[in-house]
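[1] this is a predicted model, with the sequence first.
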Amino acid sequence: MPKMTIDGIEIEVPAGITVLQACELAGIEIPRFCYHERLSIAGNCRMCLVEQEKAPKPIASCAMPVMDNMVIKTNTPMVQKARKGVMEFLLINHPLDCPICDQGGECDLQDQAMGYGFDRSRYHENKRAVPDKELGPLVKTSMTRCIHCTRCIRFATEVAGVEELGATARGESMEVTTYVEHALTTELSGNLVDLCPVGALTSKPYAYEARPWELQKTESVDAMDALGSNIRVDTRGAVVMRVLPRLNDDINEEWISDKTRHAIDGLRYQRLDRPYVRKAGKLVEASWDDAFAVIVDKLGKIDGAKFAAIAGDQCDAESMVALKDLATALGSANIDCRQDGAKLEGGPRGSYIFNPGIRGIDQADAILLVGSNPRLEAPVLNARIRRRYLHGRVPVGVVGVPADLTYPTHALGTGAAALRDLVDGKGAFAETLKGAKNPLIVVGMGALARSDGGAILALARELADKLGAVRADWNGFAVLHIAAARVGGLDLGLVPGAGGRDVEGILAGCEKGEIAAVYLLGADEIDMKRLGKAFVIYQGHHGDAGAHRADVILPGAAYTEKPGTWVNTEGRVQLGRRAVYPPGDAREDWTILRALSERLGKTLPYDTLDQVRARLVAVNHVLGAIDQQQAGGWGNFGTPGSTTDAPLVSPIDNFYMTCPISRASRTMAECVASRSAAKLAAE
């Protein structure tokens, strides 16, 4: 390890890092605009200049690798003069519109101008003006503010995988543009706003809404997909104003998807804020007592075997354990958390989690995607696969319908027969998998949520065993979920008990009159027409499909409005925190179930959140390991049998609208319209 001296302090640093990184290790702040630790080095802003002993002029610390016995000085008169000069040049053409700029208060240019800049300007010529660009409904441009750091260009090219941003011309005529003007076609475009160190790129939906010092900040987790991205929810009063990413290298690093970031305006529309009861075919407002009385009257007349419960895709673990306990108390084994009918049982935990962990993608040397389109199902995870390809040229095979995943793939076939060929060792990619030290098999819901899903799961397990992908130091079997509640539901055993019915059995029972009452806990993705004449209780936060079919509506809380526990696709237990309170008469979901159980004479044995969480741990001890990925057991799972020739298709065809919140979002509707217009223009 090289030894170097920084400002008179001798320090030993890892080989291969830059001078800027070495200064950070020494606790010395170096200003920068173009440098970002997750992007390639550009070295074009020159703000990070430092003095190197025996060097004739200041060096760009972000682009200079460390060398043994190097002597660096970061606060000499030469460095101070250089920084002031660079800042003066940067501000020559920058408009003085901080009072109306959305970046004001959290702007790198503001902060560094105060800390390192000159106290006046010597530039008296006219400032240049640059036309704004149209990047779509999410990113607002003010390109006159651009300082040409090229962070946005490098992010779009390297991380997002869409080479749609670049620079034209040179010198004062240089512009960052999309070449042919059109909206960005990436599901990660909102991250450009976080990366921009000035106000050139800001959030279009958030424009002129609030200042950062007006907002209450709450650290939480995302429930829009199963990745469990770490987020910060910024609120003003009772309104969620914006969602930003939190740094977590194990999960989302510092990126979030556009749906996670911008679907939150859906929290303001189509909300259920009071109970409703259906009378004479119409839903009318009711009190909690009246709604409970109707439910008690109906459930008191039916046998427990005719009662069923279905948990939705965004439910927290606390509400799901309460739902299961209530169903058990009523004598029903008809309960399921798999709205899409995925053939995953509550067997070995290793059969339904992303075993290597999201960070394990960085160690994989061959990747097989089975019935999954991670670009739509988990865009941040897809960016990680892309990075693994870029850094290691890792081969990626796809069994399923081909799609643009932002990295090259090997199309192995669209049906399950291609997976059988791999198990039998047929084809070039089978040899690639055999030669891999850490093969990764990613099985998506496009393979599991179908009639032969159990057989496909068994094939994937067989392939993992044959490849030696499951061993003490590596487990390359991974299930990529799309529902935030799915792993938690399976951990809690929300699958049919002895003699119980799954979702398909419940719907078939409703059609035949064998199921008389159904409790939908935020479940909106099933075929409501198949509920027949069953009495439907819907507990949720939006007036979506379930509420339209319900006979009684109990208003619950969205993921930003309650403290809750979620388990992400890799089996990591995370806590979400309340950012705002539910609107109107809506309540936290587990408290509704607890109150209803008391009215039914089946009082659940917990009264506080801590007691509910103790119950979670009692049901499954892994739910007590917060922020840790618990290893899953391995064994026999799946249902060996024949498969159909139907192609494996990802269940998500519209990334922007996958849940009640995103379907209520006007911003997401604009994204859908923009993407459709782009497709028409391309055709």
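    Good, I have the coordinates. Residues are numbered from 1 along each chain as shown.
[2] and residue 496, what does it touch?
    Counting by C-beta atoms under 8 Å, 6 or more residues apart in numbering, residue 496 touches 333, 334, 335, 336, 502, 505. Every residue, glycine included, has its C-beta placed from N, CA and C.
[3] for it, grab phi and psi.
    For residue 496, the backbone dihedrals (degrees, to the nearest 10) come out as phi -60, psi 140.
[4] how much space separates it from residue 29?
    Separation of residue 496 from residue 29 (C-beta to C-beta, to the nearest Å): 58 Å.
[5] so for the helix-or-strand element of the chain with minimal mean pLDDT, what gets flagged as buried?
    Using mean pLDDT, DSSP states H and E, the weakest-scoring helix or strand in the chain turns out to be helix 666-682, at a mean of 86. Applying a neighbour-count criterion of 16 or more other C-beta atoms under 10 Å, one finds 667, 668, 669, 670, 671, 672, 674, 675 buried in helix 666-682.
[6] and stretch 560-575, by the same measure?
    Neighbour counts using 16+ other C-beta under 10 Å place 560-562, 564-575 of stretch 560-575 among the buried residues.
[7] same check on stretch 104-113?
    The neighbour-count criterion (16+ other C-beta under 10 Å) identifies 107, 108, 109, 110, 112, 113 as the buried residues of stretch 104-113.
[8] re the thing from before, next step: the buried residues of stretch 560-575 restricted to strands.
    With strands taken from DSSP state E, the overlap with the buried residues of stretch 560-575 comprises 564, 565, 566, 567, 573, 574, 575.
[9] can you give me the strands in the stretch 501-650 of the chain?
    With DSSP state E, counting those that start in this stretch as the criterion, the stretch 501-650 of the chain has strands at 517-521, 535-540, 552-555, 564-567, 573-576.
[10] closest to residue 454 out of the ones you listed?
    strand 564-567 (22.3 Å; C-beta to C-beta).
[11] circling back: out of the contacts of residue 496, who has the most neighbours?
    The most crowded member of these, judged by other C-beta atoms under 10 Å, is residue 335 (29 neighbours).
[12] so how far is residue 9 from that residue?
    Counting by C-beta to C-beta - residue 335 and residue 9 are separated by 62 Å.
[13] and the gap between residue 153 and residue 187?
    18 Å.
[14] more neighbours: those two, which one.
    Between residue 153 and residue 187, counting by other C-beta under 10 Å, residue 187 is the more crowded of the two (24 against 20).
[15] show me the contacts for the nearest residue to that one once chain neighbours are set aside.
    Closest residue to residue 187 apart from its sequence neighbours, by C-beta to C-beta, 6 or more residues apart in numbering: residue 379 at 4.0 Å. Going by C-beta under 8 Å, 6+ apart, residue 379 touches 186, 187, 188, 257, 258, 655.
[16] ok, the third one touching residue 384?
    No - when contacts are counted by C-beta atoms under 8 Å, residue 188 is not listed as touching residue 384 (11.5 Å).
[17] where does residue 478 land in three-state SS?
    Under DSSP: H, G, I helix; E, B strand; the rest coil, residue 478 falls in the strand class.
[18] count of residues packed around the residue nearest to it when sequence neighbours are not counted?
    Residue nearest to residue 478 in three dimensions, not counting chain neighbours: residue 354, with 4.2 Å by C-beta to C-beta, 6+ apart. Neighbours of residue 354 under the rule other C-beta under 10 Å: 29.
[19] re earlier: for residue 410, see how far away the residue nearest to residue 187 is.
    From residue 379 to residue 410 the distance is 21 Å (C-beta to C-beta).
[20] repeat for residue 108
    Residue 108 sits 42 Å away from residue 410, going by C-beta to C-beta.
[21] equivalent analysis for residue 4, please.
    45 Å.
[22] also residue 38?
    27 Å.
[23] ok so, going back, any idea which of the ones in strands among the buried residues of stretch 560-575 is closest to residue 298?
    The closest of those to residue 298 turns out to be residue 564 (C-beta to C-beta; 28.3 Å).
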